[in-house]
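Chemist: Turn this into a model:
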Amino acid sequence: MQRYFRWKRRIARLARWLHIYLSMISFAVIFFFAVTGLTLNHAEKFNGQLRTTQEKGKLDSTLVNITDTAKMNKLGIVEFLRQKNRISAAMSDFRIDDSQVSVSFKGPGYEADIFINRENGQYDITQTSAGFVGLINDLHKGRDTGRVWSVVIDVAAILMSLVSLTGMLLLLFIKRKRVAGLIVAALGLFFVYFIYVIWIK
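Modeler: Residues are numbered from 1 along each chain as shown. Down below sits the predicted model:
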């Protein structure tokens, strides 16, 4: 019996330690996804931040005006466009047609489409920026954010799950509040399910 209480105290202490420090580690992440959940849910209010600009430019025509397109220096073209037009987003598409080359860049809250005339190297670039809210919304969705941010989202989801589970585990060790806490948790679950059944399903 004494061993049982000893293990119980250790588990409770571990759960409390995990809950406190996981909460502190994930505070910024949870706060970020909470705020962006609101901005995503009311996206129509932030459409005014969308800005589109169109410009013209020119690159060395020898880069694109070659017969054997397999030998085209795609990396050189992409890097030139990045530096010349201050593009930091990842390249999402590179197409070669008979008369033009099209290159697209996409990142969170941003995209650029470039059409290059293969004969003379002149190009048109259209850049679209969704502003700060568009940026954080795309980060929330993991849209055009790359592998690293995908890992960040996975880690955030794991941290939030652990914070919830350790919080529930802590409740089970508090006798005076255990029943009331479980009832409130059950009511919260039922409330969400009730909304789904009545208004969504």
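Chemist: Contacts only, for the closest residue to residue 145 other than its chain neighbours.
Modeler: The shortest distance from residue 145 to any residue other than its chain neighbours is 5.3 Å, reached at residue 108 (Cβ to Cβ, 6 or more residues apart in numbering). The way it works is simple: take the backbone N, C-alpha and C, and place the C-beta from them, glycine included. Residue 108 sits next to 134-135, 138-139, 143-145, 149 when contact means Cβ atoms under 8 Å, 6 or more residues apart in numbering.
Chemist: repeat for residue 59
Modeler: Counting by Cβ under 8 Å, 6+ apart, residue 59 has contacts 77, 80-81, 84, 116, 121, 123.
Chemist: what about it, distance to residue 125?
Modeler: Computed as Cβ to Cβ, to the nearest Å, the residue 59 to residue 125 distance reads 11 Å.
Chemist: For the residue nearest to residue 145, grab phi and psi.
Modeler: Dihedral pair for residue 108: phi -60, psi 120, per degrees, to the nearest 10.
Chemist: And residue 126, by the same measure?
Modeler: Backbone torsions of residue 126, given as degrees, to the nearest 10, read phi -120, psi 120.
Chemist: what's around it, how many residues?
Modeler: For residue 126, the count of nearby residues is 14 (other Cβ atoms under 10 Å).
Chemist: quick revisit: out of the contacts of residue 59, grab the one that's most surrounded.
Modeler: When the contacts of residue 59 are compared by neighbour count (other Cβ under 10 Å), residue 116 ends up highest, at 26 neighbours.
Chemist: And what about residue 123, helix, strand or coil?
Modeler: Classification of residue 123 using DSSP: H, G, I helix; E, B strand; the rest coil returns strand.
Chemist: For residue 99, see how far away the residue lying closest to it once chain neighbours are set aside is.
Modeler: Distances taken as Cβ to Cβ, 6+ apart place residue 116 nearest to residue 123, at 4.1 Å, with adjacent residues excluded. Separation of residue 116 from residue 99 (Cβ to Cβ): 10 Å.
Chemist: who's residue 115 bridged to?
Modeler: residue 102, residue 124 (DSSP bridges).
Chemist: List phi and psi for residue 104.
Modeler: Here is the backbone geometry of residue 104 (degrees, to the nearest 10): phi -120, psi 140.
Chemist: Just give the nearest non-adjacent residue to it, would you?
Modeler: In space, residue 104 is closest to residue 93, 4.1 Å off (Cβ to Cβ, 6+ apart).
Chemist: what do you get for residue 15?
Modeler: Leaving aside its sequence neighbours, residue 15 sits nearest to residue 169 (Cβ to Cβ, 6+ apart; 4.4 Å).
Chemist: What residues does that neighbour make contact with?
Modeler: 11, 15, 19.
Chemist: What is the subsequent helix or strand relative to the strand or helix carrying the second one?
Modeler: What that stands for is residue 15. Taking DSSP states H and E as the definition, residue 15 sits inside helix 2-41. Next helix or strand after helix 2-41 toward the C-terminus (DSSP H and E): strand 51-58.
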